[in-house]
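S.K.: with the input below, show me the fold.
(one chain, ligands or ions: 1)
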Amino acid sequence: MTRIDRRTALKAGGVLALAALASCVDNESATAVPPSPVAAGPSPAAARPTLSAAAAPDWNGLRSGLDGTLFLRGESGYPAAHQLFNPKFDSIQPAAVVRAASTDDVRESILFARQNGLVCVPKGGGHSYVGASTVAGGLVVDVGPMSSVGYSDDVVTVGAGAKLYDVHAQLDKDGRSLPTGTCPTVGVAGLALGGGMGVHTRTYGLTSDRILSMQVVTADGVAHTADPTQDADLYWALRGGGGGNLGIVTSFRLATIPASRLGFFTLTWPEEAATAALRGWQRFAHEAPATAWANFHIDAQSSGTLSIHAVGVSTTGSAAAAAEQLESFVGAKATSRSITVKTHMQAVTYLGGGTTSARTGFLAGSDVLRGPMDAATVTRLLAVVKAAARAKVPASAILDPLGGQAAKQPQGGAAWPWRSALGVIQWYSGLPAHPSAAALRAAQNFLTSGHRAVAGASAGGYVNYIEAGRSVSSYYGSSLARLRAVKTQYDPTDFFKASHAAFG
Ligand SMILES: Cc1cc2nc3c(=O)[nH]c(=O)nc-3n(C[C@H](O)[C@H](O)[C@H](O)COP(=O)(O)OP(=O)(O)OC[C@H]3O[C@@H](n4cnc5c(N)ncnc54)[C@H](O)[C@@H]3O)c2cc1C
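M.R.: So this is what the prediction gives:
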């Protein structure tokens, strides 16, 4: 099909176009992607493409129909286009990457993948912990070029390819912000679809809690506006169900928050105070006002010791009271203490370690804490990081609080399942770009030991900190059954095969 033919067909009706394309898929016995049921029944012979069963994908046809760019394996530009944030996944080679510049590009890519039996995965910022935004031999649809940020009347419209730093920098010009995570290059798409936790979570909720509507192209090539009144099930599922499962989101509308000054504190305790400090942090996560947030870091040092500190933020602009409250819950003054105030953009840059972030190797996973851990669990958790320190494995347990506004959203109002949880432990092990098998094994042992140590207190995992080999149900809690129903409704042939978190 020429570019004009293809566009005309799509605009005439995605279902009709799909019927034509999927009927062609029917003819290809080797197809890996089943045809959509919407294509069942006779389709207009005149509209039927004339592909033979053995036909290779018509990449030139796809390329000529795109507003964006297609990179095939072996072409210049492909090495950069297929990379993710974590170099560990460099060896995964998709057949092609579409850098999609428009919703039409996304639709054409989906329909092309269906026609040619290619597994198709969306890519936003490329930070997936498990490399879910790439696929060997398949088609990656990178929404990166769709990165516009437009603000009006407290609402921001963000292209799904926007990265967090760019969203903040643009919104700051209007004195507005969003509750997001901290890494400047994380994609708004992956973050928001899986939840999105950060320093504003307790005051304003998750990133996904701010979503007013989304544009999303489903497996049949149809573009939907998902909001509380249209495609409401899809709207529900995409707010916490994780990326890659239900369609390719092309843009978001989100309710903004003020870009206010933030008060910061950092408190450090000696290793001997680790138990008291962690138990004090748990009380803080439970009882501190919604304007106060602090995460807790337990880092293995190469000397075999533990470094213990908390980084806190107050959205009132002054962090002194929050720091004092945490110290009082710990029952011991911190050995080092710093209190600062930062403007919105100073805070964004400080938390993100700059305006961009270099590609980094790591292995990580998570446990969602149902409530405060008992004394024995705290002891086991600390022992796991200590064992890693002794074995010289780079390892951290980082505990982020939930609660506040994140807990006030109605349970079941969105797919994010952890409204009543105390917080999330992230088990993180830094790795070289291309780690040895032994280094990977040591990192995996740390994660496994961490899960085991807190098993009694864990409700499951955070889908944005997804890890290989973990049961899918552990990421979705009480939302799993409804997510499966939404999957059946919008992607009955399981075209989007989210490799590690598929709830279909
Ligand atoms: C360094 C670093 C820091 C992080 N910090 C935080 C943090 O502070 N808070 C937090 O909550 N999380 C954080 N995360 C986790 C992060 O939220 C997830 O990894 C998130 O999925 C990344 O989104 P992405 O778009 O960058 O990644 P991608 O790898 O592009 O996408 C992640 C998943 O979403 C799918 N997807 C991507 N784009 C779309 C789309 N347009 N439509 C549908 N599906 C799509 C992909 O197929 C994949 O399954 C961090 C991750 C890293 C690596």
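S.K.: every contact and neighbour count from this point should use C-alpha atoms.
M.R.: OK.
S.K.: got the residues of this protein near the ligand?
M.R.: Proximity of the chain to the ligand, by Cα under 6 Å from any ligand atom, involves residues 121-129, 132-133, 143, 160, 181-183, 186-191, 196-198, 243-244, 247-250, 464-465.
S.K.: in strands, which of those residues fall?
M.R.: Mapping the residues of the chain next to the ligand onto strands (DSSP state E) picks out 121-123, 248-250.
S.K.: next SSE downstream of the worst-scoring helix or strand of the chain on mean pLDDT?
M.R.: Lowest on mean pLDDT, DSSP states H and E among the helices and strands of the chain sits helix 14-27, with a mean of 29. Proceeding N to C from helix 14-27, the next assigned helix or strand is helix 59-64, under DSSP states H and E.
S.K.: and residue 328, what does it touch?
M.R.: Shown in contact with residue 328 (Cα atoms under 8 Å, 6 or more residues apart in numbering): residue 280.
S.K.: now it: how far from residue 280?
M.R.: Using Cα to Cα, to the nearest Å, we find residue 328 at a distance of 8 Å from residue 280.
S.K.: cool, and residue 128?
M.R.: 32 Å.
S.K.: so for those two, which residue has more residues nearby?
M.R.: residue 128 (24 against 20; other Cα atoms under 10 Å).
S.K.: which of the residues of the chain next to the ligand fall within helices?
M.R.: 188-191 (DSSP state H).
S.K.: list only buried entries from the residues you listed.
M.R.: Buried by 16 or more other Cα atoms under 10 Å: 188-191, out of these.
S.K.: residues in contact with residue 398?
M.R.: Shown in contact with residue 398 (Cα under 8 Å, 6+ apart): 295-298, 425-428.
S.K.: to clarify, my last question referred to residue 502.
M.R.: By Cα under 8 Å, 6+ apart, residue 502 lies in contact with 245, 472.
S.K.: measure it to residue 440 for me?
M.R.: For residue 502, the distance to residue 440 - Cα to Cα - is 24 Å.
S.K.: in the stretch 401-504 of the chain, which spans are helices?
M.R.: For the stretch 401-504 of the chain, applying DSSP state H, counting those that start in this stretch gives helices covering 405-408, 437-453, 480-490.
S.K.: ok so, going back, just the buried residues from the residues of the chain next to the ligand, in PyMOL please.
M.R.: In PyMOL, a selection of the buried entries from the residues of the chain next to the ligand looks like this (16+ other Cα under 10 Å):
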select buried, resi 121+122+123+124+125+126+127+128+129+132+133+143+160+181+182+183+186+187+188+189+190+191+196+197+198+243+244+247+248+249+250+464+465
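S.K.: surely residue 225 forms part of a strand?
M.R.: Yes: assigned with DSSP: H, G, I helix; E, B strand; the rest coil, residue 225 falls within a strand.
S.K.: just give the number of residues close to the closest residue to it other than its chain neighbours.
M.R.: The shortest distance from residue 225 to any non-neighbouring residue, by Cα to Cα, 6 or more residues apart in numbering, is to residue 215 (4.7 Å). Number of residues near residue 215 (other Cα under 10 Å) recorded here: 21.
S.K.: same for the strand or helix carrying residue 215, what does it pack against?
M.R.: Taking DSSP H and E as the criterion, residue 215 maps to strand 211-217. The contact analysis (3 or more Cα pairs under 8 Å, 6 or more residues apart in numbering; DSSP states H and E) places strand 211-217 against helix 103-115, strand 223-226, strand 248-255.
S.K.: just after the second one, pick out the following helix or strand.
M.R.: It stands for strand 223-226. Following strand 223-226 toward the C-terminus (DSSP H and E): helix 232-238.
S.K.: can you give me how far that next one is from the chain middle?
M.R.: Helix 232-238 sits 16 Å away from the centroid of its parent chain (Cα atoms, centre = their mean, to the nearest Å).
S.K.: show me the chain divided up by domain.
M.R.: The chain breaks down into these domains under automatic domain parsing: 3-142, 149-258+478-490, 262-342+359-470.
S.K.: span of the last one from start to end?
M.R.: Start-to-end span of domain 262-342+359-470 (Cα to Cα) is 37 Å.
S.K.: again with the shortest one
M.R.: Using Cα to Cα, the end-to-end distance of domain 149-258+478-490 comes out at 28 Å.
S.K.: and stretch 339-349, by the same measure?
M.R.: End-to-end distance (Cα to Cα), stretch 339-349: 17 Å.
S.K.: now it, how far from the chain's geometric center?
M.R.: Taking Cα atoms, centre = their mean, one finds the center of stretch 339-349 at 24 Å from the center of the full chain.
S.K.: what mean pLDDT does that stretch have?
M.R.: Average pLDDT, stretch 339-349: 98.
S.K.: got it, and stretch 368-384?
M.R.: 98.
S.K.: so what's the residue nearest to residue 232 when sequence neighbours are not counted bridging to?
M.R.: Among residues not flanking residue 232 along the chain, residue 226 sits closest, at 6.1 Å (Cα to Cα, 6+ apart). Beta-bridge partners of residue 226, counted by DSSP bridges, are residue 214.
S.K.: so what touches stretch 83-94?
M.R.: With contact meaning Cα under 8 Å, 6+ apart, stretch 83-94 is reached by 73, 82, 125-129, 131, 133-140, 358-362, 433-435.
S.K.: wait, stretch 144-151
M.R.: With contacts defined as Cα under 8 Å, 6+ apart, stretch 144-151 is touched by 68, 99-102, 123-125, 156-163, 167, 170-171, 174, 250.
S.K.: list the buried residues in that stretch.
M.R.: 144-149, 151.
S.K.: next one: stretch 314-334
M.R.: Buried residues in stretch 314-334, counted by 16+ other Cα under 10 Å: 314-315, 317-320, 322-323, 325-327, 329-330, 333-334.
S.K.: with only the CA atoms kept, save it in CSV.
M.R.: Taking C-alpha atoms only, stretch 314-334 is exported to CSV below (Å, rounded to 0.1, in the frame of the first residue of the first chain):
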residue,chain,number,x,y,z
SER,A,314,8.3,18.6,52.8
THR,A,315,5.9,20.2,50.3
THR,A,316,5.3,23.0,52.9
GLY,A,317,8.7,24.4,51.9
SER,A,318,10.4,23.7,55.2
ALA,A,319,11.7,20.3,56.2
ALA,A,320,12.8,21.0,59.7
ALA,A,321,9.6,19.7,61.4
ALA,A,322,9.6,16.6,59.3
ALA,A,323,13.2,15.8,60.1
GLU,A,324,12.6,16.3,63.8
GLN,A,325,9.6,14.0,63.6
LEU,A,326,11.6,11.3,62.0
GLU,A,327,14.4,11.7,64.5
SER,A,328,11.9,11.5,67.3
PHE,A,329,10.4,8.2,65.9
VAL,A,330,13.9,6.8,65.6
GLY,A,331,14.7,7.8,69.2
ALA,A,332,18.2,9.1,68.3
LYS,A,333,19.5,12.2,66.7
ALA,A,334,21.1,11.7,63.3
